[in-house]
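Engineer: for reference, the sequence and a predicted model appear below.
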Amino acid sequence: MPDRAVHYSILLAGGLSSRMGEDKAELKIAGESFYQRALKLLKSVHSELILVSGRESQADAIPVPDIIPHAGPPGGLYSCLEYLRGMGKLDDSPLLLIPLDMPLLHKEALMVLLEGVQEQEACHFDGEVLPCVVRASENLRRHVEGLFAESYKPGGKRSMRAILNFCNSKALGKSLFSVEVFKNINTYQDYISMIPD
C-alpha cells in the first residue's frame, strides 16, 4: 500500500451543459468561476496530481482529453485511469473525483472522504455518487475498459453508481454537512436559487 498521504484528483469537467444553455464552468459565485473554485478546492486538499477531464486546464492541473466523447463521469474516469497508467501511477493511491457543477463543495467534505478511504477500496457519501474516492488501480482500469468495450451507451453498468458498487464503496454519513454542499447546478434556475440575495 502506498503512503496514505498521497492521493490524486480528477475534476470531471467534460459535460455539455445542455440543460444550462451556457458553459457551467464559467458561471460565477462570489466572484469565482465554478472551474476556478473546483481547482482551488482540489489544491486545498494537497492532491499530488490534479487531472481535468474533458477540458483544457489552467496552471497546476493536467488536461486529459476524452477517449470516448460524451460518456459522462465514467468516461472521464476511464480516460484519467489510462493517463495514470501511462505515467506509471496506477499504484492503488486514492483517486478523488469531484464534479464541476457542485460549487458549494468544501474542503471539510473532501477530507472526510480522503480519511474514510484509508481502509477501504472506495467511499462516497450516503445518497450521493459524487464526490467519491476510488483507487487508482489496474484492476479498476481493466474493469472500466471492459465496460466500454461492450458498449459506449451510458448508464447501467457504465454508471458511476455501478462502478462504486464494483469497488465495494463504503457509504459515509453526511449529516454534519448542509444539503446545499452536494447540490448539482444543472439549470439556470438552480444557479439563480443558489446565489445569495
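Structural biologist: Noted; the coordinates are in hand.
Engineer: I figured residue 71 hits residue 154, correct?
Structural biologist: Yes: applying C-beta atoms under 8 Å, one finds residue 71 in contact with residue 154, separated by 6.0 Å. No exception for glycine: its C-beta is placed from N, CA and C like everyone else's.
Engineer: which residues sit against the longest helix anywhere in the chain?
Structural biologist: Using DSSP state H to define each element, the chain has its longest helix at helix 72-86. Applying C-beta atoms under 8 Å, 6 or more residues apart in numbering, the contact partners of helix 72-86 are 8, 10, 12, 14-15, 49, 51, 53-54, 62, 64-69, 71, 90, 95, 97, 99, 129-130, 134, 136, 138, 140-141, 144-145, 147-148, 154, 158-160, 163.
Engineer: with stretch 46-62 instead?
Structural biologist: By C-beta under 8 Å, 6+ apart, the residues outside stretch 46-62 that reach it are 6-15, 25, 35-36, 39, 42-43, 63-66, 76-77, 79-80, 83-84, 87, 89, 93, 96.
Engineer: if we use 7 Å, what do you get?
Structural biologist: With contacts defined as C-beta atoms under 7 Å, 6 or more residues apart in numbering, stretch 46-62 is touched by 6-14, 25, 39, 42-43, 63-64, 66, 76, 79-80, 83, 96.
Engineer: please say which of residue 71 and residue 154 ends up with more neighbours.
Structural biologist: More crowded of residue 71 and residue 154, by other C-beta atoms under 10 Å: residue 71, with 21 against 14.
Engineer: look up how far residue 155 lies from the more buried one.
Structural biologist: Counting by C-beta to C-beta, to the nearest Å, the separation of residue 71 from residue 155 is 10 Å.
Engineer: pLDDT value on residue 195, please?
Structural biologist: With respect to pLDDT, residue 195 scores 68.
Engineer: for residue 20, same thing?
Structural biologist: On the pLDDT scale, residue 20 is placed at 52.
Engineer: and the contacts of stretch 46-62, which are buried?
Structural biologist: 7-14, 25, 39, 42, 64, 66, 76, 79-80, 83, 96 (16 or more other C-beta atoms under 10 Å).
Engineer: these in strands, which ones?
Structural biologist: Of these, the ones assigned to strands by DSSP state E are 8, 9, 10, 11, 12, 64, 96.
Engineer: pick the one among these closest to residue 185.
Structural biologist: Minimum distance to residue 185 across those is 13.6 Å, recorded for residue 12 (C-beta to C-beta).
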